[in-house]
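Asks: Structure for the following, please:
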Amino acid sequence: MGENKIYNNEHFLEVCLLQLLKEGENYGYRLQEELEAFGYSRESLNPGSLYRILRGLERRGLVASAWLSGGTGPRRRSYSLTLTGEEALNERIQMIRDRKKRIETLLERYGRSPGRDD
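Replies: Alright, predicted model coming up:
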């Protein structure tokens, strides 16, 4: 079960990243900050894992990246959503909506069941 939890968490993280990039081009450190809105604290999210996931999304053609010079600061890699990435996001959001309906049905039935354990 632990491996499945990691798998599901990583896929949810991918969807969150795709959504953030749909909202606009961004770079890794800022994406890490933005992920806090989805419940990912800076302490719980390893930057190495974040960049590994971003590279995987790029290899699959869902995001594109480019090095930007920071003027006086260091260069940063900027990420943007591709058309393929937007299509994948739309598909994944529909899957999440479908799963949400099933979960809501389960919780509703659970709430009506006798002897439930809240």
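Asks: can you map out the helices along this protein?
Replies: Listed in chain order, the helices found in the chain under DSSP state H are 2-23, 28-34, 47-59, 83-112.
Asks: got the angle for the longest one vs helix 47-59?
Replies: Yep, that's helix 83-112 we're talking about. 120 degrees (axes from the mean of the first three to the mean of the last three Cα atoms, to 10 degrees).
Asks: average model confidence for helix 83-112?
Replies: Mean pLDDT, helix 83-112: 95.
Asks: The chain should start at 31 in everything you say after this.
Replies: I'll keep to 31 as the first residue from here, and by that count the last item is helix 113-142.
Asks: Now that helix: buried residues?
Replies: Gly115, Ala118, Leu119, Arg122 (16 or more other Cβ atoms under 10 Å). Just so you know, the C-beta spots here come from the backbone N, C-alpha and C atoms, and that holds for glycine as well.
Asks: Would you confirm that Arg106 contacts Leu98?
Replies: Yes - Arg106 lies in contact with Leu98 (Cβ atoms under 8 Å); the separation is 5.6 Å.
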